[in-house]
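**Q** Quick one, structure for this:
(2 chains)
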Amino acid sequence: MKMSKLFVQTLREFPSDAEVISHKLLVRAGYIRKLTSGVYNYLPLMWRVLKKIENIVREEMDAAGAQELLMPFVQPKELWEESGRWEVYGKELMRLRDRHNREMCLGPTHEEIITSIARDGLKSYKQLPVNLYQIQSKFRDEVRPRFGLLRGREFIMKDAYSFDMTQEGLEKEYENMAKAYTKIFKRCGLNTKMVQSDSGAIGGSVSHEFMVITDTDAGENDVFYCDSCDYSANSNHAVSKLPAGANITGEWTSAKIVDTPETHSIEELCDFLKIPSTLIVKTLVYIVDKKPVLALIRGDKQVEETKLMNAAGGSDIRIATAGEIEEMMGVNGFDAAKGFIGPQGLKEYNGYEITVIADETVKDMKNFVIGVNQKDKHGIGYNWDLDVKLPETVTDIRLVEAGELCPQCGKPLKVTRGIEVGNIFQLGTKYSKPMNAVYLDQNGKTQPYIMGCYGIGISRTAAAAVEAHYDEHGIKWPLAIAPYHAIVIPVSTKDEEQMRVANDIYVTLKKHGAEVVIDDRDERAGVKFKDADLIGFPYQIIVGKSIAEGNVEFKIRETDEKTAMKPEEAAEVVITAINNL
RNA sequence: CGGGAUGUAGCGCAGUUUGGUAGCGCACCUCGCUUGGGACGAGGGGGUCGCACGUUCGAAUCGUGUCAUCCCGACCA
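**A** Prediction:
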């Protein structure tokens, strides 16, 4: 490809609306252009990168025994009603109507469709197990798209679905996919960590995410991990043991209600009572699917909202507003506000019974401090079941913090940020049962499939690769997913000798299957170098004045290391590298 | 959806306070000159100033409404 004909426009400045480096660089280097919020044009360079990632995914999925197919982007409401997700999925599901006023949606994921395909085509145990996948654009109407390709509304995803007869079969396929994923990301030049995670709206029980560790803002997930063993988990799923020695028994000898004026926060309450926060049972008010939920947790700990939501059996959670809390107090006959809430005596709100869920941290506390739903007062010296009832549900709803102890080996946990580029779920019969997707077993009995699903964000993987490989000059693509392997740069297009040598290298490389660009533009050398670095060609072969000694310069973008060598040698290095991919 | 901000040429921005018919840098076209890290000179093309209504002799500028975009919080590949 001639640079003069390559459809790319590099910019001198970063776009003003970009926040993270992958977004900034992909726009500035001419890979993508925003069409509308969260929706991007993939320009020719970007499309080459995406196709490379897709092909790696394809090769590894096929090698793992999966079969590719393609499902529709537009889906009918009826299937989503069968699975029950038309109601549950929420506003991320982009709903629309056709000319006959039939309700449809844009596919955010394809469990419903694949399940309908399976139940039509997989009637016998003899056909199982099977794993089907596709690579396709998805649409999720995110509340707040951001970070360019990392959180778009339209994005490219590989989604695979497995059908098994038994849980053991599913677990085997799950392992199979985990191995394939590890290979895929490695081939893409990415170091990923496989972490335990919550299974979220897609449902099911066991799930893991593949995280690119970044330690920048682009990593939207906190990952807790242990250096001493293999434990690692997303913060929404991480568990830990607490170091011993926290003071959880107060010195009061009897329970009473005392004045605690203006203590709206745990900190103020600690200061006023001159006690550590570990003696306080904190009560937080949440709304889970419209229902009021009180969360009780030790004063020094934070609630992990996903855990709480799961404990409450909901699919949506938010903290209650100050207004809602006051209203809730009012209808239950109290006059109190945030800071003074406690679990006793609260019956119902908004037509729902109030659920109380306690974190395990409060269970062993004694002579503690707790809100009693009276303004400027708290209960002190309280004990469970003597002064206040221990809630029926006591479970783990706590957000893990770095330094707490690994649940497996007891060593301190560390935290880092990660970009989720893939995930794997054990779905079980979550879709096959409600959608009546069954096969006949050896005994002629109908059985629902045991399903798994496995996703990879293709466009997100590309962006994550940029997050992991860049410098102040631009992108440093891993060779396997770079849009082109190399660029040949004749420093002066007017110099016949330089042009002749450059062309020879270009032709040789192409002949050996290399994807290569020749910068034939009548530009100054600086412009060509800047563009080559920004776009991120892994190899640059610079044909300049050293041609007098018969040499060219060979530059490796990853290290910016430059070596003088014969033109044939330079070509050879590139050819060897791509043959080793 | 709550809080904050911004919409002026493909990109980055000034002009709005004090109303007078739109400008700078980059990019693009032509010519000259230059050719090892985003040169220089001359000339040129491109904008219903987000949109609508209003105030006014006159609106990018003032008012009202509306749409879009971005940032901070709750969801996810």
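**Q** Please make it C-alpha for all contacts and neighbour counts, starting now.
**A** Fine.
**Q** All the helices of chain A, residue numbers only.
**A** Assigned helices in chain A, in chain order: A:21-28, A:44-63, A:77-83, A:85-88, A:111-121, A:167-187, A:266-273, A:305-311, A:322-331, A:458-468, A:496-511, A:525-535, A:567-579 (criterion: DSSP state H).
**Q** Those helices into JSON lines, with extra columns for distance to residue A:296, mean pLDDT and mean neighbour count?
**A** Compiled in JSON lines, the helices of chain A are given as follows (distance: least, CA to CA, whole Å; pLDDT from 0 to 100; neighbours: other CA atoms under 10 Å):
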{"stretch": "helix A:21-28", "distance to residue A:296": "40", "mean pLDDT": "95", "mean neighbour count": "24"}
{"stretch": "helix A:44-63", "distance to residue A:296": "45", "mean pLDDT": "98", "mean neighbour count": "19"}
{"stretch": "helix A:77-83", "distance to residue A:296": "34", "mean pLDDT": "94", "mean neighbour count": "17"}
{"stretch": "helix A:85-88", "distance to residue A:296": "27", "mean pLDDT": "84", "mean neighbour count": "15"}
{"stretch": "helix A:111-121", "distance to residue A:296": "36", "mean pLDDT": "96", "mean neighbour count": "18"}
{"stretch": "helix A:167-187", "distance to residue A:296": "36", "mean pLDDT": "97", "mean neighbour count": "18"}
{"stretch": "helix A:266-273", "distance to residue A:296": "13", "mean pLDDT": "90", "mean neighbour count": "16"}
{"stretch": "helix A:305-311", "distance to residue A:296": "10", "mean pLDDT": "87", "mean neighbour count": "20"}
{"stretch": "helix A:322-331", "distance to residue A:296": "15", "mean pLDDT": "84", "mean neighbour count": "17"}
{"stretch": "helix A:458-468", "distance to residue A:296": "37", "mean pLDDT": "96", "mean neighbour count": "25"}
{"stretch": "helix A:496-511", "distance to residue A:296": "66", "mean pLDDT": "97", "mean neighbour count": "18"}
{"stretch": "helix A:525-535", "distance to residue A:296": "52", "mean pLDDT": "97", "mean neighbour count": "18"}
{"stretch": "helix A:567-579", "distance to residue A:296": "58", "mean pLDDT": "97", "mean neighbour count": "17"}
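**Q** Quick one, which of the ones you listed gets closest to residue A:258.
**A** Judged by CA to CA, the one of the helices of chain A that comes nearest to residue A:258 is helix A:266-273, at 9.9 Å.
**Q** Grab the CA positions of that closest one and hand them over as CSV.
**A** Output of helix A:266-273 as CSV, limited to C-alpha atoms (Å, rounded to 0.1, in the frame of the first residue of the first chain):
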residue,chain,number,x,y,z
ILE,A,266,-19.7,7.6,61.0
GLU,A,267,-16.7,9.9,61.5
GLU,A,268,-18.7,12.5,63.4
LEU,A,269,-20.3,9.8,65.5
CYS,A,270,-16.8,8.3,66.4
ASP,A,271,-15.5,11.8,67.3
PHE,A,272,-18.5,12.5,69.5
LEU,A,273,-18.6,9.1,71.4
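**Q** what does the stretch 51-200 of chain A have sitting close to RNA strand B?
**A** Taking CA under 7 Å from any atom of the strand as the test, the list of the stretch 51-200 of chain A residues beside RNA strand B reads A:92, A:140, A:142-147, A:149-157, A:200.
**Q** Are any of these buried, and if so which?
**A** Among these, those buried by neighbour count (16 or more other CA atoms under 10 Å) are A:140, A:142, A:145-147, A:149-157.
**Q** Quick check: can you list the domain ranges of chain A?
**A** Chain A breaks down into these domains under automatic domain parsing: A:21-182+A:428-467, A:256-395, A:484-579.
**Q** what's the straight distance from one end of the shortest one to the other?
**A** The first residue of domain A:484-579 is 14 Å away from its last residue (CA to CA, to the nearest Å).
**Q** Please apply the same query to the second one.
**A** Using CA to CA, the end-to-end distance of domain A:256-395 comes out at 27 Å.
**Q** same thing with the longest one?
**A** Taking CA to CA, the span from the opening residue of domain A:21-182+A:428-467 to its closing residue is 6 Å.
**Q** coming back round to it: would you mind giving the helices of chain A as a markdown table with distance to residue A:381 added?
**A** Converted to a markdown table, these look like this (distance: least, CA to CA, whole Å):
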| stretch | distance to residue A:381 |
| --- | --- |
| helix A:21-28 | 53 |
| helix A:44-63 | 60 |
| helix A:77-83 | 50 |
| helix A:85-88 | 43 |
| helix A:111-121 | 52 |
| helix A:167-187 | 49 |
| helix A:266-273 | 12 |
| helix A:305-311 | 27 |
| helix A:322-331 | 23 |
| helix A:458-468 | 52 |
| helix A:496-511 | 80 |
| helix A:525-535 | 65 |
| helix A:567-579 | 71 |
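**Q** of those, which approaches residue A:404 most closely?
**A** helix A:305-311 (17.6 Å).
**Q** touching RNA strand B at all, that closest one?
**A** Yes - Helix A:305-311 reaches RNA strand B (CA under 7 Å from any atom of the strand) through A:305-306.
**Q** Format the CA atom coordinates belonging to that helix as PDB.
**A** The C-alpha trace of helix A:305-311 is given here as PDB (Å, rounded to 0.1, in the frame of the first residue of the first chain):
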ATOM      1  CA  GLU A 305     -23.600  -3.000  46.000                       C
ATOM      2  CA  THR A 306     -23.600  -6.000  43.600                       C
ATOM      3  CA  LYS A 307     -23.300  -8.400  46.500                       C
ATOM      4  CA  LEU A 308     -26.100  -6.600  48.300                       C
ATOM      5  CA  MET A 309     -28.300  -6.700  45.100                       C
ATOM      6  CA  ASN A 310     -27.700 -10.400  44.700                       C
ATOM      7  CA  ALA A 311     -28.500 -11.000  48.400                       C
END
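**Q** Please list the outside residues in contact with it.
**A** Residues outside helix A:305-311 that contact it (CA atoms under 8 Å, 6 or more residues apart in numbering) are A:198, A:236-237, A:288, A:295, A:315-318, A:357, A:395-398.
**Q** In terms of pLDDT, where does the residue lying closest to residue A:553 once chain neighbours are set aside sit?
**A** Residue nearest to residue A:553 in three dimensions, not counting chain neighbours: residue A:564, with 4.5 Å by CA to CA, 6 or more residues apart in numbering. Reading off the confidence values, residue A:564 has pLDDT 97.
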